[in-house]
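Student: Okay, structure incoming, though there's no sequence with it:
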Ligand code: NDP
């Protein structure tokens with residue numbers, strides 16, 4: 001219980017909510033012009049635009065700010081402003097509607113270029129637009145390119161930026177940065193090819209490869225839990241940890257993204273990026289500082305300690321699944337092969353589970369189990385650290401199971417940390433039962449963390465790369481999963497569909513681990 005007398009006092013002597021102690025308003029970003037390639041698309045309207053508006057409402061955007069939309073759909077500046085207003089209305093949370101003077105002044109910073117990514121002249125027009133923005137809005141020559149487009153056009157856009165002299169070397173006035181949406185490549189070869197193009201135009205310190213998972217508050221808190229406390233680190237190793245499970249499960253299917261998903265699958269879509277990034281945060285050594293590269297160096301070392309599996313071992317360390325028809329929240333839903341734009345005999349996995357080992361001093365012999373899938377029993381992302389069993393039984397009736405201690409880091413939908421431990425059931429007998437100490441961010445701080453894109457956009461505008469993935473880690477993550485991709489692509493799974501929508505996933509996952517935590 002927090003002692004109210006410890007609550008910080010405001011200037012006029014009034015006490016603030018003690019739960020909110022320590023929560024500060026965010027630092028203002030650098031002045032800049034940000035261009036969204038793909039501004040007529042889904043990601044822009046649902047996530048990016050509401051995030052920018054929220055940054056404006058929270059006073060994090062500076063007065064020197066301008067946003068340029070860049071896509072093929074035809075809009076005049078005014079039509080684009082109207083479009084943005086409608087989308088914010090539809091997708092921003094209640095209480096942040098675009099209205100009044102604040103909206104009117106914000107709308108003046110929005111402009112649009114009807115453009116094709118293949119036309120050099122449109123990028124030359126963009127250059128002029130930046131120069132005008134610098135004069136009109138005081139954006140200081142700082143330019144942020146956001147690639148919210150299909151990945152197939154990333155290389156073409158970057159090449160056009162170079163040809164239009166929009167690269168950092170040709171900007172003497174301010175900084176030039178690029179945010180690249182996921183996926184960064186569709187396999188090791190395409191990721192390397194993309195990187196080759198990126199590095200011809202941008203230095204690594206100009207590149208912000210986004211994995212919006214890393215912007216979620218509970219993900220960031222993994223490091224705080226480990227390195228701002230003393231009680232976890234001494235037992236965070238092979239001597240005390242039995243296994244680690246990382247789950248990212250969804251109850252939704254592929255919605256209208258069939259043609260994308262057919263070429264992706266769960267391994268590419270979730271494991272290569274989100275789930276491996278979570279593993280790195282759990283397994284890394286303490287960084288020497290909280291500096292972006294100090295942290296990213298440690299994440300890189302974790303991936304370096306994971307040997308890609310041999311092809312002949314894939315069957316025993318990986319399990320795949322594809323959902324069939326089933327029931328989600330009381331409603332019948334079709335199987336994957338019945339979804340739009342999916343082949344009737346598709347071999348694409350909608351579920352992937354892997355057992356990985358990290359061959360270093362801290363983790364040798366500790367299995368890390370990763371799983372991700374669609375149309376599972378419920379949406380949940382969490383990390384479960386299971387500790388070793390007690391060495392000698394003293395308490396409990398003979399029928400009582402004495403469960404190992406377990407630390408659960410909850411990422412979605414709940415955000416928090418729970419510790420499972422054994423306790424004596426009150427009464428004359430010495431029954432033992434598991435209980436939880438449960439911390440939730442919402443109730444603990446009286447504050448709901450802002451959506452990940454808000455944090456990440458603001459970080460990119462401030463030049464903080466901590467939560468963005470560095471190329472060396474992206475490359476190693478692809479190397480780690482490539483043998484699994486190879487084997488799965490070259491062998492058809494005749495058991496597909498092998499799990500019902502709304503279930504716990506395929507039985508094949510139980511061959512890796514019998515005690516997956518129930519979804
Ligand atoms: P959409 O297909 O909805 O949007 C694509 C955008 O790119 C449109 O604005 C389109 O313009 C524009 N575009 C495509 N080709 C050209 C071209 N040759 N010239 C000019 N404009 C072009 O994609 P999403 O918004 O769904 O996804 C964008 C990126 O974000 C992808 O990399 C995706 O993987 C990633 N992402 C998306 C998520 C989501 O929830 N949507 C979640 C996480 C990542 P127009 O339509 O006007 O032609």
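Tutor: Received it, and whenever you're ready, just let me know what you need. It should be emphasised that the depicted structure is a prediction, and the values quoted were computed from it without experimental measurement.

Student: ok, residue 204 touching residue 471?
Tutor: Yes: look at residue 204 against residue 471 with C-beta atoms under 8 Å: they come within range, at 6.2 Å. Every residue, glycine included, has its C-beta placed from N, CA and C.

Student: Compare the two (neighbour count), which wins?
Tutor: Set residue 204 next to residue 471 and count neighbours by other C-beta atoms under 10 Å: residue 471 wins out with 19 against 14.

Student: which parts of the protein sit against the ligand?
Tutor: Within the chain, the residues that sit near the ligand (C-beta under 6 Å from any ligand atom) are 38-43, 71-73, 115-118, 148-151, 153, 181-182.

Student: I figured residue 97 hits residue 89, correct?
Tutor: Yes: here residue 97 lies in contact with residue 89, judged by C-beta under 8 Å, at a distance of 6.2 Å.

Student: Next, the buried residues of stretch 493-502.
Tutor: Along stretch 493-502, these residues count as buried under the neighbour rule (16 or more other C-beta atoms under 10 Å): 493, 496, 497, 498, 499, 500, 501, 502.

Student: per-residue pLDDT, the first one?
Tutor: Residue 493 carries a pLDDT value of 97.

Student: what distance separates stretch 153-167 from the centre of its chain?
Tutor: Per C-alpha atoms, centre = their mean, to the nearest Å, the displacement of stretch 153-167 from the mean C-alpha position of its chain is 26 Å.

Student: That stretch - what's its average pLDDT?
Tutor: The predicted model assigns stretch 153-167 a mean pLDDT of 97.

Student: residues making contact with it?
Tutor: Defining contact as C-beta atoms under 8 Å, 6 or more residues apart in numbering, one finds that stretch 153-167 is touched by 37, 117-118, 120, 123-124, 126-127, 130, 143, 145, 147, 149, 176, 178, 180, 193-194, 197-198, 200-202.

Student: Stretch 61-80 too?
Tutor: Contacts to stretch 61-80, defined as C-beta under 8 Å, 6+ apart, come from residues 28-41, 44, 52, 55-56, 83-84, 109-116, 122, 126, 129-130, 133, 136-140, 461.

Student: make it 7 Å
Tutor: Outside of stretch 61-80, the residues that reach it under the criterion C-beta atoms under 7 Å, 6 or more residues apart in numbering are 28-29, 31-41, 52, 55, 83, 109-116, 126, 129, 133, 137-140.

Student: The nearest residue in space to residue 347 that is not next to it in sequence and residue 481: what is the separation?
Tutor: Take residue 347 and drop its neighbours on the chain: the residue closest to it by C-beta to C-beta, 6 or more residues apart in numbering is residue 492, 5.1 Å away. When distance is defined by C-beta to C-beta, to the nearest Å, residue 492 is 19 Å away from residue 481.

Student: Same drill for the two, tell me which one is more crowded.
Tutor: Neighbours of residue 492 and residue 481, each counted by other C-beta under 10 Å, are more numerous for residue 481; the result is 23 against 10.

Student: Please report the number of neighbouring residues for residue 163.
Tutor: Residues near residue 163, counting by other C-beta under 10 Å, number 13.

Student: next one: residue 98
Tutor: Other residues lying near residue 98 total 22 when counted by other C-beta under 10 Å.

Student: That one belongs to a helix?
Tutor: No: in this structure, residue 98 is coil, not part of a helix, as judged by DSSP: H, G, I helix; E, B strand; the rest coil.

Student: I figured it was touching residue 83, is that so?
Tutor: No: in this structure, residue 98 is not within contact of residue 83 by C-beta atoms under 7 Å, at 11.5 Å.
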